[in-house]
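Enquirer: can you look at this prediction? I've put the sequence above it.
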Amino acid sequence: MTTVNPETKTQVGLKKELQGEARESVVVTCAFCHGQGRDPFGIMSPLSTCQVCGGTGRRTLPQPTDRCAFCRGTGVHPGARMTCTTCGGVGAVTAPPDAVRCPCCGGTGWARDWPDYIWPDSLFSCPCCGGKGVVAAKLANG
């Protein structure tokens, strides 16, 4: 069963998980190619298919989802012309149902935002949340 969310104009449906449980999923626009289905940088050719969505311009993620904190939803790794290492270029990540802001990076997704991090210009994602900017509440509390 699939429905369309009128506010975001995304398709929402049910996705079967490996455990056999039904979990809602959402279809999001590919952030890397902006839904065009073509490689935005045209490295191989201006007609190259987007490596993230396979040319469809969309990706399906299990809900709940959140904007990728590391690339700020662009799908592009900061400082490079490659896909974001956190979201894989989608621009959104699957978040835990009880998600809270990451206590290590403050929700930015960046390792360089740690108070005692010795490389302030680092392009690495936060090791606590993996760059998502959120963690499960039980991980944040202890």
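Expert: Great, that's in hand. Residues are numbered from 1 along each chain as shown.
Enquirer: so where do the helices sit in the protein?
Expert: Using DSSP state H, the helices of the chain run over 137-140.
Enquirer: where does the prediction get shaky in it?
Expert: 1-23, 113-121, 142 (pLDDT under 70).
Enquirer: strands of that one, start to end?
Expert: Here the chain has its strands, by DSSP state E, at 2-5, 10-16, 22-29, 58-62, 65-67, 92-94, 99-101, 134-136.
Enquirer: from the contact counts, what lies against the fifth one?
Expert: Counting by 3 or more C-beta pairs under 8 Å, 6 or more residues apart in numbering; DSSP states H and E, the packing neighbours recorded for strand 65-67 are strand 92-94. For glycine as for every other residue, the C-beta is placed from the backbone atoms N, C-alpha and C.
Enquirer: any idea how far residue 108 is from the residue nearest to residue 97 when sequence neighbours are not counted?
Expert: If the residues on either side of it in the chain are set aside, residue 97 comes closest to residue 64, at 6.1 Å by C-beta to C-beta, 6 or more residues apart in numbering. As defined by C-beta to C-beta, to the nearest Å, residue 64 lies at a distance of 20 Å from residue 108.
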